[in-house]
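Colleague: below are the sequence and a predicted model for it; my questions follow.
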Amino acid sequence: MSQSFELSGSNYKELLSHMAFYGLAAIIEQMKPDYQIRLTWTRGVNPKPEIYIVNDTFKSIEDEIGRLVQSHAKSHTNDENNWIFKQLGNQSLMSPRIGKLKNNNDWKKLQDARHEVLDDLTENHTYLDLRLLWTLGEPRYWPLSGNEMNQDAASCRFDMQPRNRGNTLISTKLKPLAQSVGQREVSNIVSGLQGVKIKDEIGSNRSNSRTATGFRGPGPTDNAVAWCAIWGISQFALTQRTKIRASTSGFLSHKRGRYFYVPVWYSLWSPSRLRTILASGQLRSFAEAQVASRDNEQGVPETAQQWLAARGVEAVVLFPYNQFGSRDAPEYRAGVGQLYSVA
């Protein structure tokens, strides 16, 4: 028996909706690896993400998904052994940005402590946590150019948490979100994911809340949606490079600007198929061609278009990567998405 769960409050023009979709699927996959999960988008002028679970051990997919998200959040709260709460001094141990370290001995202590966390996660088969940490990156300990040391150069572009005052995505967002979502009733988690009732506990429902952490503009964001969206980062790939900044799949730089890009599809995909598409050079080539076409440059490579179409990609959504605030304390944010048909 197959049941479906639609994120009916989603908007494909907001990166937040795509990230929450990916993260929710990843959480279900981690919590219930025996479930057969399939992902798709509904058809129509305003497509919505939809998750199918082929399983007959639960009566209601809404209650099951709410329970799994609640359990996942609880498993990351109030546990000094959980990596989210691990500290190095007054800083988050597993953050890609750890602040200044005095010497090589301090770097070794940092690496040893981080490796211990990774070993524990591996031993416990906590693969989603490992994927998230891989994609978030690590403090860059090798020079970017010359003698310049820029820790953020080894981090993921989807991590748009402002770094001022020592804030990090882990300490500033993941910690409080785990607590707020873990304490919710299952029904409230479901209503939040479906957009029926938005409850922004960590942002106090303020009109200028930054709970979305760059996945869309300021405003109240349901904490269950935000929790899933951050875990959605885990579905992208990060490739470290020796001379220049790390490459994040789903993000591109062009002379006309910088963009996030994600697919829309109507067939049924497994989470692993989604990860393959997100990391593909063909998806990047298609997105780059849309940006370049504004300068009347070369169009979409035919091989990339055929490759995507053969795998069911109907369209690609591009989101401008915008910068706000001062140069010393910049705030990055995904703008309104624009959809480009693959056919």
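Modeller: Received the coordinates, thanks.
Colleague: ok, so what distance separates R157 from S253?
Modeller: 9 Å (C-beta to C-beta, to the nearest Å). (C-beta placed from N, C-alpha, C; glycine too.)
Colleague: neighbour count winner among the two?
Modeller: R157 (26 against 14; other C-beta atoms under 10 Å).
Colleague: following the longest helix along the chain, which helix or strand comes up?
Modeller: The longest helix of the chain (DSSP state H) is helix 104-123. Reading on from helix 104-123 to the C-terminus, the next helix or strand found by DSSP states H and E is helix 127-136.
Colleague: neighbours around the nearest residue to S187 once chain neighbours are set aside, how many?
Modeller: Of all residues not flanking S187 in the chain, G66 sits nearest, at 6.7 Å (C-beta to C-beta, 6 or more residues apart in numbering). By the measure other C-beta under 10 Å, the count of residues near G66 is 24.
Colleague: equivalent analysis for S272, please.
Modeller: As a measure of burial, S272 has 11 neighbours, counting by other C-beta under 10 Å.
Colleague: counting contacts, what elements does the strand or helix carrying it pack onto?
Modeller: Of the helices and strands defined by DSSP H and E, S272 is found in helix 271-278. Helix 271-278 is packed against helix 15-31, strand 36-41, strand 257-265, with contacts defined by 3 or more C-beta pairs under 8 Å, 6 or more residues apart in numbering; DSSP states H and E.
Colleague: give the rounded mean pLDDT of that helix.
Modeller: Averaging pLDDT along helix 271-278 yields 98.
Colleague: I would like the residues contacting it, please.
Modeller: Residues outside helix 271-278 that contact it (C-beta atoms under 8 Å, 6 or more residues apart in numbering): 22, 25-26, 29, 37, 39, 235-237, 249-250, 262-263, 269, 283, 308, 311, 313.
Colleague: same check on stretch 18-27?
Modeller: 7, 10, 12, 37, 39, 49, 51, 65, 68-69, 72, 128, 131, 158, 193, 215, 225-235, 262, 271, 274, 317.
Colleague: just stretch 198-212 next, same as before
Modeller: 9, 16, 173, 176-177, 180, 184, 188, 192, 218-223, 226, 229.
Colleague: could you export that stretch as PDB, CA atoms only?
Modeller: Extracted C-alpha coordinates of stretch 198-212, given in PDB (Å, rounded to 0.1, in the frame of the first residue of the first chain):
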ATOM      1  CA  ILE A 198       3.100  28.500  10.900                       C
ATOM      2  CA  LYS A 199       4.800  28.600  14.200                       C
ATOM      3  CA  ASP A 200       8.200  30.200  14.500                       C
ATOM      4  CA  GLU A 201       9.200  29.500  18.100                       C
ATOM      5  CA  ILE A 202      12.900  30.500  17.800                       C
ATOM      6  CA  GLY A 203      12.000  33.600  15.800                       C
ATOM      7  CA  SER A 204       9.100  34.600  18.100                       C
ATOM      8  CA  ASN A 205       7.000  34.900  15.000                       C
ATOM      9  CA  ARG A 206       8.600  38.300  14.300                       C
ATOM     10  CA  SER A 207       8.100  39.900  10.900                       C
ATOM     11  CA  ASN A 208      11.900  40.200  10.500                       C
ATOM     12  CA  SER A 209      12.600  36.700  11.700                       C
ATOM     13  CA  ARG A 210      15.700  35.100  10.100                       C
ATOM     14  CA  THR A 211      14.700  31.500  10.900                       C
ATOM     15  CA  ALA A 212      14.700  30.700   7.200                       C
END
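Colleague: buried stuff in it?
Modeller: For stretch 198-212, a neighbour-count test (16 or more other C-beta atoms under 10 Å) marks I198, K199, D200, E201, I202, G203, S209, R210, T211, A212 as buried.
Colleague: then stretch 243-255?
Modeller: R245, A246, T248, S249, G250, F251, L252.
Colleague: host element of the last one?
Modeller: Right, the one you point to is L252. strand 251-254.
Colleague: relative to that strand, what are the paired strands and their orientations?
Modeller: Strand 251-254 pairs in its sheet with strand 257-265 (antiparallel), by DSSP bridges.
Colleague: and the partner strand with helix 271-278, angle?
Modeller: 140 degrees (axes from the mean of the first three to the mean of the last three C-alpha atoms, to 10 degrees).
Colleague: circling back to that earlier point, surely the residue nearest to S187 and V181 touch.
Modeller: No - taking C-beta atoms under 8 Å as the definition, G66 is not a contact partner of V181, at 10.2 Å.
Colleague: hey, what's in contact with both of those two?
Modeller: I189.
Colleague: got the confidence number for the residue nearest the centre of the chain?
Modeller: Per C-alpha atoms, centre = their mean, the C-alpha nearest to the average position across the chain is that of I233, at 2.1 Å. Per-residue pLDDT puts I233 at 98.
Colleague: what's in contact with stretch 249-266?
Modeller: In contact with stretch 249-266 (C-beta under 8 Å, 6+ apart) are residues 12, 15, 18, 40-41, 43, 47, 157-158, 236-239, 277-279, 283-284, 287-288, 291-292, 294-295, 308, 311-321, 334, 339.
Colleague: which ones among those residues map onto helices?
Modeller: Within the contacts of stretch 249-266, residues falling in helices by DSSP H are L15, H18, I277, L278, L283, R284, A287, E288, V291, A292, L308.
Colleague: look up how far W265 lies from the second one.
Modeller: In this structure, H18 and W265 are 12 Å apart, going by C-beta to C-beta.
Colleague: who has more neighbours, the two?
Modeller: More crowded of H18 and W265, by other C-beta under 10 Å: H18, with 28 against 20.
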